[in-house]
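S.K.: build the 3D model from these lines:
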Amino acid sequence: MVIELKLSQGRNKTLGQLLYYMAWVDKYLGKGPCRGIIIASEIEEPLRVAVGRVPGVSLAKYRMSFTIEALQG
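M.R.: Here you go, the predicted structure:
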């Protein structure tokens with residue numbers, strides 16, 4: 001599996017990057033077609049539409065949160 005993790009938005013050109021990496025893995029490392037996933041905090045609609053046409057590729061969103069605590073001492 002190839003994972004393309006984006007720091008913010010997953011844009012349309014992200015799919016081209018992922019497909020290149022998947023093809024490279026298939027050619028040099030794999031024993032069959034690999035799968036790919038694009039993970040980003042926001043997924044634009046054109047990317048959703050494009051990925052819907054590509055078998056073996058899926059999308060996921062991430063959410064991050066953190067807290068800061070002052071330390072005594």
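
S.K.: tell me which residue is most central in this structure.
M.R.: I38 (1.6 Å; C-alpha atoms, centre = their mean).

S.K.: which parts of the protein are helices?
M.R.: In the chain, the helices defined using DSSP state H lie at 12-28, 45-51.

S.K.: re earlier: beta partners of the residue nearest to the centre of the chain?
M.R.: Beta-bridge pairing of I38 under DSSP bridges involves E4, L59.

S.K.: in contact with it, which residues are there?
M.R.: E4, K6, G10, T14, L15, L18, L47, V51, V57, S58, L59, A60 (C-beta atoms under 8 Å, 6 or more residues apart in numbering). Bear in mind the C-beta positions are built from the backbone N, C-alpha and C, glycine included.

S.K.: again, but for G36
M.R.: M1, V2, I3, E4, L18, L19, Y21, M22, G56, V57, S58.

S.K.: I'd assumed G32 was in contact with the first one.
M.R.: Pointing back at M1 there. No - contact status for M1 versus G32: not in contact, 12.0 Å apart, counting by C-beta atoms under 8 Å.

S.K.: worst-scoring helix or strand of this protein, pLDDT-wise?
M.R.: One helix or strand of the chain scores below all others by mean pLDDT, DSSP states H and E: strand 9-10, with a mean of 71.

S.K.: partners of it, with directions?
M.R.: Using DSSP bridges, strand 9-10 pairs in its sheet with strand 42-43 (parallel).

S.K.: from G30, how far off is E4?
M.R.: Separation of E4 from G30 (C-beta to C-beta, to the nearest Å) stands at 17 Å.

S.K.: one step back: give me the buried subset of the contacts of G36.
M.R.: When those are checked for burial by 16 or more other C-beta atoms under 10 Å, the buried set is V2, E4, L18, L19, M22, V57.

S.K.: quick check, nearest of these to S65?
M.R.: Proximity of the buried ones among the contacts of G36 to S65 (C-beta to C-beta) peaks at E4, which lies at 22.6 Å.

S.K.: could you dump the buried ones among the contacts of G36 into TSV and include pLDDT and distance to L71?
M.R.: Formatted as TSV, those follow (pLDDT from 0 to 100; distance: C-beta to C-beta, whole Å):
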residue	pLDDT	distance to L71
V2	96	41
E4	94	37
L18	96	42
L19	96	47
M22	96	46
V57	97	45
